[in-house]
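Undergrad: Here is my input; please provide its structure:
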Amino acid sequence: MTVPGDSTLLKFAAVFRLFRRPPRLTLPAPQRAFAERTYAWLIENFGLARLMETPHLQPTQAQFPYSDLHDPQQLEALVQQLCTHIHLQRAQINVEVFDDTAYRNWQGSDEEPLGTYQEYSSGERYLVRLSRSSFGHKPTLIVVLAHELMHAHLLGKGYLDHSDPWHEMKNDLALVFFGFGMLQANAGVVVNELKAGNVGYLTPELLGYALALNCWLAGKDAQLVEHHVSRGSHLGFFREALNYLEKGGETALDKKRLQQSGSQEQLQRRIYAQRNSRDLHARKALFDELIKTHPENAEGWKGRGYCFLRMDEFQQALSDLERALRLAPRDAETLSRRAHCLLRLGRTDAAKKDLDAALQFDPKNSLPWRNLGLWHFERKEYNEAYGMLVKAQQLQARTELIHYYLGLVHLERGSKLSAEWEFEQSKKAQETILETYPEL
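TA: You can find the predicted model right below:
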């Protein structure tokens, strides 16, 4: 019997691969490419280690020990649990419940949202609103709450921008990345049975592929998915996708390269930890690093521009803020910061245009109202300035430097006692970098 040599075996293997039938994948190629690009972006920002360390969250009583989420204490415990899992500070999140039962169309309309997200001024606090109808099924409520909290994490911290037309789908892929995929699959089942529309923005094929990416890239336990995903279509697409990846199906993701890719997560955390620091030079150095490593990140330019603005280096601030707006042109906070620079440079007409645009994009953001108050102040229209500053304070009591500027307006209006009170509040809040309060 003749035993073929190594070269002969290699030739046989090459011929076998040439004629081997490629593994099947129902997910269309453009959607597969979108999922892979999003996962590459998530790994770049949060690291492959985060994916590997984050467990699959299971729709079990052991992981979510809540018997009645209508109970405020149990709901609070769930909010705290998800904030910890996503790496959000609980104190930054306000949660409200709205009653949608009178308006929801139980014949399949999904026009009424199950949850909403709103960012307060300066991106430091977020409002999450949950629909009453989402409380009828625990996995659904968990997914709705997680979806809105993920907005706070990705949009609030500058990883995503509202102007990105795909930010909702990226947000839901991030949920799978952060371990919520099995809950997402199960939430969609119950809502469909109630004819209230799907939860989230992922098709079953796309969700199945994302779950498979978790297992393939990070060695997640596929048996857990098999055990806990209750709907046949989601499970079928997951099995198909995992087989596709394990059998060498075409993919743009290179596991070895991804393992070597850098991560923004630690840098973003350092920036976030310094958000209230009075050391502007230290904060600027962090934004310098972010700009150097990720020049396409608008938050780097926006943050450094803010540092220059507080240092009274208005021309440099203007340059950075304009770069940020090229990357995220509908950002109301950046428009408001640029308006502040333009005011300080004497370009009041251009400043007014920026403020009008900022209010058009985000009328509930207090910062453009505050800067509109400064615009009137520069024109010596003190009553109008006072009205705009009070409007900003009503929207967000912690609007930056609000007491300081109200104090200046009261001085110009001859209200010395009111000015003293506002300056005292400003000092307590440590609003200014330098002790620049007027002599009274």
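Undergrad: and stretch 131-148, average pLDDT?
TA: Taken as a whole, stretch 131-148 has a mean pLDDT of 90.
Undergrad: Where does the prediction get shaky in the chain?
TA: Scanning the chain for pLDDT under 70 picks out the ranges 1-21, 101-112, 121-124, 188-199, 231-232, 256-257, 259-266, 432-440.
Undergrad: residue closest to the middle of it?
TA: For the chain, the residue sitting closest to the mean C-alpha position, by Cα atoms, centre = their mean, is residue 154 at 1.7 Å.
Undergrad: So what's the gap between stretch 364-382 and the chain middle?
TA: Centre-to-centre, stretch 364-382 and its host chain are 28 Å apart (Cα atoms, centre = their mean, to the nearest Å).
Undergrad: Give me the buried positions along it.
TA: Neighbour counts over stretch 364-382 (16 or more other Cβ atoms under 10 Å) mark 365-377, 382 as buried. (Each C-beta comes from the backbone N, C-alpha and C, glycine too.)
Undergrad: ditto for stretch 243-251
TA: For stretch 243-251, by 16+ other Cβ under 10 Å, it's 244-245, 251.
Undergrad: In helices, which of the residues you listed fall?
TA: Mapping the buried residues of stretch 243-251 onto helices (DSSP state H) picks out 244-245.
Undergrad: Reformat the buried residues of stretch 243-251 as CSV; add distance to residue 335.
TA: Listed next are the buried residues of stretch 243-251 as CSV, based on distance: Cβ to Cβ, whole Å:
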residue, distance to residue 335
244, 45
245, 43
251, 40
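Undergrad: what's the domain layout of this protein?
TA: 29-259, 265-428 (automatic domain parsing).
Undergrad: Is the residue nearest to the centre of the chain in contact with residue 160, as I believe?
TA: Yes - counting by Cβ atoms under 8 Å, residue 154 touches residue 160, with 4.3 Å between them.
Undergrad: list the residues that contact both of these two?
TA: 167, 170-171 (Cβ atoms under 8 Å, 6 or more residues apart in numbering).
Undergrad: Ok, which of the domains of the chain comes nearest residue 23?
TA: Among these, domain 29-259 comes nearest to residue 23, with 4.2 Å by Cβ to Cβ.
Undergrad: which residue ranges form the strands in the stretch 51-200 of the chain?
TA: 93-98, 115-119, 126-131 (DSSP state E, counting those that start in this stretch).
Undergrad: and residue 48, how many neighbours?
TA: 19 (other Cβ atoms under 10 Å).
Undergrad: okay but it is in contact with residue 219, surely?
TA: No - using Cβ under 8 Å as the test, residue 48 is too far from residue 219 to be in contact (10.8 Å).
Undergrad: Can you check which residues contact both of these two?
TA: With Cβ under 8 Å, 6+ apart as the test, residue 48 and residue 219 reach no residue in common.
Undergrad: those helices in the stretch 251-400 of the chain, which residues are they?
TA: 255-260, 265-273, 280-293, 298-310, 314-327, 332-344, 348-361, 366-378, 382-395 (DSSP state H, counting those that start in this stretch).
Undergrad: swap that for the stretch 51-200 of the chain, sorry
TA: Under DSSP H, counting those that start in this stretch, the stretch 51-200 of the chain gives helices at 72-86, 138-154, 167-177, 181-193.
Undergrad: okay, the angle between the third one and strand 115-119?
TA: If you take axes from the mean of the first three to the mean of the last three Cα atoms, to 10 degrees, helix 167-177 sits at 100 degrees to strand 115-119.
Undergrad: Any idea how far apart the tips of stretch 320-336 sit?
TA: With Cα to Cα, to the nearest Å applied, stretch 320-336 spans 13 Å between its terminal residues.
Undergrad: Return the set of buried residues in it.
TA: Neighbour counts over stretch 320-336 (16+ other Cβ under 10 Å) mark 320-321, 323-325, 327-328, 331-336 as buried.
Undergrad: go on, stretch 390-406?
TA: For stretch 390-406, burial by neighbour count (16+ other Cβ under 10 Å) applies to 392-393, 395-396, 399-406.
Undergrad: Quick check: the farthest pair among the residues you listed?
TA: 395 and 404 (17.3 Å).
Undergrad: does residue 153 really touch residue 88, like I thought?
TA: Yes - the criterion here is Cβ under 8 Å, and residue 153 meets it with residue 88 at 5.8 Å.
Undergrad: In contact with the residue nearest to the centre of the chain, which residues?
TA: Counting by Cβ under 8 Å, 6+ apart, residue 154 touches 160, 167, 170-171, 174.
Undergrad: Quick check: the gap between it and residue 169.
TA: 12 Å (Cβ to Cβ, to the nearest Å).
Undergrad: Chain neighbours aside, what residue packs nearest to residue 25?
TA: Counting by Cβ to Cβ, 6 or more residues apart in numbering, residue 25 lies nearest to residue 244, which is 4.5 Å off, once chain neighbours are set aside.
Undergrad: Please name the nearest non-neighbouring residue to residue 157.
TA: According to Cβ to Cβ, 6+ apart, the nearest residue to residue 157 is residue 268 (6.4 Å).
Undergrad: Could you report the neighbour count for the one you found?
TA: Neighbour number of residue 268 under other Cβ under 10 Å is 21.
Undergrad: any idea how far residue 140 is from it?
TA: 30 Å.
Undergrad: now swap in residue 397 and tell me
TA: Counting by Cβ to Cβ, the gap from residue 397 to residue 140 is 34 Å.
Undergrad: try residue 405
TA: 45 Å.
Undergrad: Format the helices of the stretch 251-400 of the chain as JSON lines; extra columns: distance to residue 94.
TA: What follows is those, written out as JSON lines (distance: least, Cβ to Cβ, whole Å):
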{"stretch": "helix 255-260", "distance to residue 94": "36"}
{"stretch": "helix 265-273", "distance to residue 94": "19"}
{"stretch": "helix 280-293", "distance to residue 94": "26"}
{"stretch": "helix 298-310", "distance to residue 94": "23"}
{"stretch": "helix 314-327", "distance to residue 94": "27"}
{"stretch": "helix 332-344", "distance to residue 94": "19"}
{"stretch": "helix 348-361", "distance to residue 94": "22"}
{"stretch": "helix 366-378", "distance to residue 94": "15"}
{"stretch": "helix 382-395", "distance to residue 94": "14"}
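Undergrad: Select, out of these, the one closest to residue 80.
TA: Nearest to residue 80 among those is helix 265-273 (18.9 Å), distances taken as Cβ to Cβ.
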